[in-house]
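A.B. asks: Just a sequence and a predicted model for now, questions to come.
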2 protein chains.
Amino acid sequence: MKLILNSPLDMHLHLRDGEMLKNVTPLTSDNYSAALVMPNLTPPITTKETLFKYRDEILALSSENFKPYMSLFFQKDYNYEFLKELKDEILVVKLYPAGATTNSESGVVNFNIEELRPTLEAMSELEIPLSIHGESDGFFLDREAEFIPVYEKLAEAFPKLKIIMEHISSKEAVKILDKHENLYASITLHHILYTFDDVAGGKLNPHLFCKPVLKREKDRRAILKLALNAHPKVMFGSDSAPHSQEAKEGALGAAGVFTAPVTLQALAELFEKHNKLDNLQKFVSNNAKKIYNITPPQKEVVLVKEKFSVPKLYGNIVPILAGQELSWSIESVK
Amino acid sequence: MKLILNSPLDMHLHLRDGEMLKNVTPLTSDNYSAALVMPNLTPPITTKETLFKYRDEILALSSENFKPYMSLFFQKDYNYEFLKELKDEILVVKLYPAGATTNSESGVVNFNIEELRPTLEAMSELEIPLSIHGESDGFFLDREAEFIPVYEKLAEAFPKLKIIMEHISSKEAVKILDKHENLYASITLHHILYTFDDVAGGKLNPHLFCKPVLKREKDRRAILKLALNAHPKVMFGSDSAPHSQEAKEGALGAAGVFTAPVTLQALAELFEKHNKLDNLQKFVSNNAKKIYNITPPQKEVVLVKEKFSVPKLYGNIVPILAGQELSWSIESVK
């Protein structure tokens, strides 16, 4: 049994920099046609120079026929000319609330619309979508639900701005998706596979600790349903977020799940289990192409129903499903 | 500024066995007059022989003038004669739902009253209190709240049985405390100091991961209020649960916070902060004496308002508040 995926896209990816960038870039570029690369480095990507430098580094490390879609780290005072000049070089501007996740310290503190207006108005006019990590600073499990009013406020204040609710993790986010024409969402693998019980229900599993945190079963199911049905306003974005084993384990564990090399195989297994394999092409490619109006490189990934043993480590990074067996593997890419 | 505590009691303590027992027993027996020792070893304490052996091991390792109050691991078919013979050797029978925490695999699977009746009726008649780790097998954060109906069912079915809700962690448990005359509660240090945000709100902190898990701020406050007011139906029980640093960190972290050597100092700081220092004697001793009708050894612990730097490690165990400074220290014990 085979499954051909045309130009699979990972619309939310962390490639990091330095050694980590070298190690993880091929693990995505080998099997994906393109990926949207997040800008939360230290310091974050906020200038033309750092953007181009980062893009070139990624391209130098990528397999052929792979396109890194770049992003800028949101600043409330980007001016129109600056964004206009970079419009064709970036796919989104990514907004982080300050401190919400890895390297987000310089993110937005105050979600007052008027304060954010200069950048958002320019983006709206230039048709640059806004990508958001939507979390409040409240109780860890409530943060996405508490951010919903901000999503709605932004969607209403800038009706022509495409807003991507990244890595949605709660039923509350699912609820507003169809309420506002300009709201879209990316969905990870781990948020449709697991709940926080998989982190803290038995022993503590740091390798499934991420931001936004995994939630309850009813949240997982609501998001899974969107994914399985390839709802036209959602797309796959792995949020694959590599950290070394040492950074994940130990006295203070970093947030992030490393999924990149396992995503297509695991999605095939999950979609097949729910008899929705026919929708996977839309979820991992077609929907994103329409939402972002992009034409990524042509790439054909052939999956075959043969066992794939997930490695326990990729270099010094523990992947999701480490040491487990999946029923689908990648046969060829061309 | 000094504070004298007479015969402080830790009414919920894990001393483990083997090397760990050797390392941690003095850390409690030095500063406490007595402690209620939990029976969840591997295998659990369910026989007269293992009970006496464990008690003697503890006594051999204890400082002078320390009494270990012993407990049996609940079995639904203990018979009356067996319990009668051990009545003066144990303070409680401790009930664990199967799998709820460390070494609880052989706990109770089914909370059908009729199934538990033989042991519970014998206990009621013999006036042996029932100590319960009250958690369902539901979503990790809801487990204590979901167990409330079981507490109430037991309290009603056995009105003469004293039932101790151990290490209460939720406002739901606080709510039923006064509803049933025969319900009591123990309260830990960590559940009145922290919430689950301290585990997973920023980076992941395995050293504050325990069962029952820390909950929300409103839960913390409800329990703190009981403790600060030394509500007559509550008593201090540290649930100090040592694991090696390796067992707490790493790919799968064990549940439990090691607090024993720090509890009195930290409680003094907390009670002073809330202007309730006068109630600490009741919380750490008098209440338990009345609830259990016990006369522990006479021991006077003098605390003084001088800085205490909490060690980063006790042997290979990371304590609560590791490396931090407390404003109270123990001056002398006699």
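C.D. replies: Looks like it arrived, so ask away. Residues are numbered from 1 along each chain as shown, chains lettered A, B, ... in the order given.

A.B. asks: show me the contacts for A:Ser290.
C.D. replies: Small correction: residue A:290 is Lys, not Ser. Shown in contact with A:Lys290 (CB atoms under 8 Å, 6 or more residues apart in numbering or on different chains): A:Pro232. In this view, the C-beta of every residue, glycine as well, is placed from N, C-alpha and C.

A.B. asks: Next one: it from B:Gln245, what distance?
C.D. replies: Distance of A:Lys290 to B:Gln245, computed by CB to CB, to the nearest Å: 51 Å.

A.B. asks: just A:Val234 next, same as before
C.D. replies: If you measure A:Val234 against B:Gln245 using CB to CB, the figure is 42 Å.

A.B. asks: the more surrounded of those two?
C.D. replies: Using other CB atoms under 10 Å in any protein chain shown, the more surrounded residue of A:Val234 and B:Gln245 is A:Val234, with 26 against 19.

A.B. asks: residues contacting the more buried one?
C.D. replies: Counting by CB under 8 Å, 6+ apart, the residues that A:Val234 touches are A:Ile168, A:Leu177, A:Tyr184, A:Ala185, A:Ser186, A:Ile187, A:Leu226, A:Ala227, A:Phe283, A:Asn287.

A.B. asks: I'd like those written out as TSV, with neighbour count and distance to chain B added.
C.D. replies: Shown next, in TSV, are the contacts of A:Val234 (neighbours: other CB atoms under 10 Å in any protein chain shown; distance: CB to the nearest CB, whole Å):
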residue	neighbour count	distance to chain B
A:Ile168	30	19
A:Leu177	18	24
A:Tyr184	25	28
A:Ala185	25	23
A:Ser186	24	22
A:Ile187	28	21
A:Leu226	19	21
A:Ala227	27	22
A:Phe283	25	27
A:Asn287	23	31
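
A.B. asks: taking those residues one by one, which sit in helices?
C.D. replies: Among these, the subset assigned to helices under DSSP state H consists of A:Leu177, A:Leu226, A:Ala227, A:Asn287.

A.B. asks: The first one against A:Lys233, yeah?
C.D. replies: Yes - counting by CB atoms under 8 Å, a contact exists between A:Leu177 and A:Lys233, whose distance comes to 5.7 Å.

A.B. asks: shared neighbours, these two?
C.D. replies: Counting by CB under 8 Å, 6+ apart, the shared contacts of A:Leu177 and A:Lys233 are A:Leu183, A:Tyr184, A:Ala185.

A.B. asks: residues in chain A within reach of chain B, list them.
C.D. replies: Within chain A, the positions adjacent to chain B are A:99, A:139-141, A:195-197, A:199-207, A:209, A:213, A:216-217, A:249-255, A:318 by CB under 8 Å from any CB of the partner chain.

A.B. asks: what sits against A:Pro8?
C.D. replies: When contacts are counted by CB under 8 Å, 6+ apart, A:Pro8 touches A:Asn31, A:Tyr32, A:Ser33, A:Phe236, A:Leu264, A:Val284, A:Ser285, A:Lys299, A:Val301.

A.B. asks: What are the boundaries of the strands in chain A?
C.D. replies: Counting by DSSP state E, chain A has strands at residues A:2-6, A:9-13, A:34-37, A:67-73, A:90-95, A:130-132, A:163-165, A:183-187, A:234-236, A:300-304, A:308-309, A:325-326, A:329-333.

A.B. asks: as a whole number, average confidence for stretch A:17-37?
C.D. replies: Regarding stretch A:17-37, the rounded mean pLDDT is 98.

A.B. asks: If you count neighbours, what's buried in it?
C.D. replies: For stretch A:17-37, burial by neighbour count (16 or more other CB atoms under 10 Å in any protein chain shown) applies to A:20-21, A:23-25, A:27-37.

A.B. asks: next one: stretch A:283-297
C.D. replies: Residues of stretch A:283-297 classed as buried: A:Phe283, A:Val284, A:Ser285, A:Asn286, A:Asn287, A:Ala288, A:Lys289, A:Ile291, A:Tyr292, A:Ile294, A:Pro296 (neighbour count, 16+ other CB under 10 Å).

A.B. asks: Do I have it right that the fifth one meets A:Met235?
C.D. replies: Yes - here A:Asn287 lies in contact with A:Met235, judged by CB under 8 Å, at a distance of 4.5 Å.

A.B. asks: ok, which stretches of chain A are helices?
C.D. replies: Taking DSSP H as the test, the helices found in chain A are A:18-29, A:48-61, A:80-86, A:113-126, A:143-157, A:171-177, A:190-193, A:197-200, A:217-228, A:245-248, A:263-273, A:280-281, A:287-292.

A.B. asks: List the residues that contact A:Ala98.
C.D. replies: Residues near A:Ala98 by CB under 8 Å, 6+ apart: A:Ser104, A:Glu105, A:Ser106, A:Gly107, A:Val108, A:Val109.

A.B. asks: just those now: which is nearest A:Glu125?
C.D. replies: Lowest distance from A:Glu125 to those (CB to CB) belongs to A:Val108, with 20.2 Å.

A.B. asks: How about the contacts made by that closest one?
C.D. replies: A:Val108 makes contacts with A:Phe74, A:Lys76, A:Leu95, A:Tyr96, A:Pro97, A:Ala98, A:Leu116, as judged by CB under 8 Å, 6+ apart.

A.B. asks: got the contact list for the third one?
C.D. replies: So the one you mean is A:Leu95. By CB under 8 Å, 6+ apart, A:Leu95 lies in contact with A:Phe74, A:Gly107, A:Val108, A:Leu130, A:Ser131, A:Ile132, A:His133.

A.B. asks: partner residues bridging it?
C.D. replies: Counting by DSSP bridges, A:Leu95 is bridged to A:Ile132.

A.B. asks: Would you mind measuring from it to A:Ala34?
C.D. replies: From A:Leu95 over to A:Ala34 the distance is 22 Å, taken as CB to CB.

A.B. asks: and what of the first one?
C.D. replies: Taking CB to CB as the criterion, A:Phe74 is separated from A:Ala34 by 22 Å.

A.B. asks: Please apply the same query to A:Ala60.
C.D. replies: From A:Ala60 across to A:Ala34, the span is 16 Å (CB to CB).

A.B. asks: Likewise for A:Leu183?
C.D. replies: Distance of A:Leu183 to A:Ala34, given as CB to CB: 23 Å.

A.B. asks: Poorly predicted segments of the stretch 101-250 of chain A, please.
C.D. replies: Within the stretch 101-250 of chain A, no stretch has pLDDT under 70.

A.B. asks: and the gap between the closest residue to chain B within it and A:His190?
C.D. replies: Residue nearest to chain B within the stretch 101-250 of chain A: A:Leu204 (3.4 Å; CB to the nearest CB). As judged by CB to CB, A:Leu204 and A:His190 stand 16 Å apart.

A.B. asks: Ok, A:Leu27 next?
C.D. replies: The gap separating A:Leu27 from A:His190 is 16 Å, by CB to CB.

A.B. asks: can you check A:Leu5 too?
C.D. replies: The gap separating A:Leu5 from A:His190 is 20 Å, by CB to CB.

A.B. asks: who's more crowded, those two?
C.D. replies: Neighbour count, other CB under 10 Å: between A:Leu5 and A:His190, A:His190 has more, with 27 against 24.

A.B. asks: The more buried one contacts A:Phe209, doesn't it?
C.D. replies: No - using CB under 8 Å, A:His190 is not in contact with A:Phe209; the gap is 10.2 Å.

A.B. asks: between the two, what contacts are shared?
C.D. replies: Counting by CB under 8 Å, 6+ apart, the contacts common to A:His190 and A:Phe209 are A:Val257.

A.B. asks: What's the local residue count around A:Asp178?
C.D. replies: A:Asp178 is flanked by 10 other residues according to other CB under 10 Å.
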